[in-house]
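Asks: Here's my sequence, what's the structure:
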Amino acid sequence: MKSSHGPLQQRLGHVFSNVALLEQALTHRSFGQPNNERLEFLGDSILNCVIAIALFERFDALKEGELSRLRASLVRQEGLHRVAQTLELGDALRLGEGELKSGGFRRPSILADALEAVFAAVFLDAGFAAAKSVIDRLYAPLIAEIDPRAALKDPKTALQEWLQGRRMPLPSYQLADVRGEAHAQEFEIVCVIEAFDLKTTGRGASRRAAEQQSAELALAALRAK
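Replies: I've put the predicted structure just below:
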């Protein structure tokens with residue numbers, strides 16, 4: 001791994017003046033100090049602000065509560081994980097030996113936190129406009145595919161309505177695995193739809209989040225049939 005992280009900076013669309021900021025953003029607490037926990041805190045606020053602006057400008061007919069729910073759907077772990085994967089962020093993370101052995105570079109929670117830290121690093125390196133530019137570009141595909149009417153329903157509700165509309169039995173959700181320490185667990189839930197012989201696996205920092213992701217994946221698979 002090159003210290004300059006040239007390919008990652010190219011995918012981000014931002015070249016750091018202070019590469020140490022990017023190094024810190026990519027450093028998990030298991031690796032040592034300084035790590036990305038404080039940057040994650042800052043990046044979360046920056047991301048929420050930028051996404052709020054983007055949604056406010058794009059959906060001028062939506063009310064406050066509706067905009068808030070849309071924003072929540074984009075800035076939660078699942079959305080961050082999806083963006084982090086497009087950046088191949090896992091390949092650049094600095095993790096302790098234990099996290100490396102347990103596949104931490106693929107863990108949604110670690111990738112999501114690191115991405116928030118990267119957004120903060122861009123902000124500290126070049127200001128809010130630079131961070132906004134990076135976030136706007138990376139989130140553009142996710143925002144473009146939003147159907148406000150559908151997006152305002154959580155995935156489990158949307159999946160249930162899809163199946164009920166076709167008089168199909170409702171899905172079941174099965175706990176497949178729980179990984180990590182008590183304060184940083186990751187749940188793995190399998191959504192099973194027997195009528196279609198379909199199983200999808202979701203992961204999240206809570207059982208509910210993992211169920212929602214598995215439902216979202218199931219609904220996408222059903223719509224693609």
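
Asks: which secondary structure element contains the residue lying closest to G98 once chain neighbours are set aside?
Replies: Distances taken as Cβ to Cβ, 6 or more residues apart in numbering put S30 closest to G98, at 6.2 Å, once the chain neighbours are dropped. Quick note: C-beta positions are derived from backbone N, CA and C, even for glycine. For S30, there is no host helix or strand (DSSP states H and E).

Asks: what's the spacing between S30 and L219?
Replies: Applying Cβ to Cβ, to the nearest Å, the value for S30 to L219 is 35 Å.

Asks: Then H14?
Replies: Separation of H14 from L219 (Cβ to Cβ): 34 Å.

Asks: out of the two, which sits in the busier spot?
Replies: Applying other Cβ atoms under 10 Å to H14 and L219 shows that L219 carries more neighbours, namely 23 against 20.

Asks: How many residues are close by the residue nearest to G98?
Replies: Around S30 there are 16 residues (other Cβ under 10 Å).

Asks: Per-residue pLDDT of it, please?
Replies: Note on S30: pLDDT of 90.

Asks: List the contacts of the residue nearest to the spatial centre of the chain.
Replies: For the chain, the residue sitting closest to the mean C-alpha position, by Cα atoms, centre = their mean, is L80 at 2.1 Å. Contacts here follow Cβ atoms under 8 Å, 6 or more residues apart in numbering; on that basis L80 touches 47, 108, 111-112, 115-116.

Asks: if you set the cut-off to 6 Å instead, what comes out?
Replies: 112, 115 (Cβ atoms under 6 Å, 6 or more residues apart in numbering).

Asks: And it, how far from P169?
Replies: For L80 relative to P169 (Cβ to Cβ), the value is 33 Å.

Asks: do N18 as well
Replies: 56 Å.

Asks: for S30, same thing?
Replies: 43 Å.

Asks: before we move on, back to that, residue contacts, the residue nearest to G98?
Replies: Neighbouring residues of S30 by Cβ under 6 Å, 6+ apart: 95-96, 99.

Asks: What separation is there between it and A184?
Replies: In terms of Cβ to Cβ, S30 sits 10 Å off from A184.

Asks: any residues in contact with both of those two?
Replies: Shared contacts of S30 and A184 (Cβ under 6 Å, 6+ apart): none.

Asks: Next, count neighbours for G127.
Replies: Residues near G127, counting by other Cβ under 10 Å, number 10.
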